[in-house]
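Student: I would like the atomic coordinates for the input below:
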Amino acid sequence: MRRHISTSIDGLLTLHDFELQQMLKSVTDEEGNHPTLDEFRQWLILEKAKGHRLVRSPNCDNFDPIEGCLGHST
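Tutor: Predicted coordinates:
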């Protein structure tokens, strides 16, 4: 069984602007656009308000926002 890495929303929200800006270089939306720092922080806050704890890795199609990647058969 293979599992994707997920990232803690709380952990991301504790990053300083510079650290988060560096990470955002690898983040895109569905259209391939990079969010601004403010847009990304707002999105994280909204996800946390929904009760979500984790952000999924790209290409994970078996993800739970509380438990993370639920696994993939290899």
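Student: tell me where this structure has strands.
Tutor: 7-8, 54-55, 63-64, 68-69 (DSSP state E).
Student: TSV for these, including distance to residue 16?
Tutor: From N, CA and C alone the C-beta is placed, and that goes for glycine too. Output for the strands of the chain, formatted as TSV (distance: least, Cβ to Cβ, whole Å):
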stretch	distance to residue 16
strand 7-8	16
strand 54-55	18
strand 63-64	27
strand 68-69	25
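Student: of all those, which lies closest to residue 29?
Tutor: strand 54-55 (13.0 Å; Cβ to Cβ).
Student: what strands line up against the closest one, and which way round?
Tutor: Pairing partners of strand 54-55, with direction, according to DSSP bridges: strand 7-8 (antiparallel).
Student: excluding chain neighbours, what is closest to the most centrally placed residue in the chain?
Tutor: When Cα atoms, centre = their mean is applied to the chain, the residue found nearest the centroid is residue 55 (2.9 Å). Spatially, and ignoring its direct neighbours in sequence, residue 55 is nearest to residue 7 (4.6 Å; Cβ to Cβ, 6 or more residues apart in numbering).
Student: need the strands of the chain in CSV (columns: mean pLDDT).
Tutor: What follows is the strands of the chain, written out as CSV (pLDDT from 0 to 100):
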stretch, mean pLDDT
strand 7-8, 94
strand 54-55, 95
strand 63-64, 95
strand 68-69, 94
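Student: ok so, going back, which residues touch the residue nearest to the centre of the chain?
Tutor: 6, 7, 8, 9, 12, 44, 47, 65 (Cβ atoms under 8 Å, 6 or more residues apart in numbering).
Student: go on, residue 37?
Tutor: 17, 20, 21, 24.
Student: mean confidence score for the longest helix seen in the chain?
Tutor: Assignment by DSSP state H gives helix 37-49 as the longest helix of the chain. For helix 37-49, mean pLDDT is 95.
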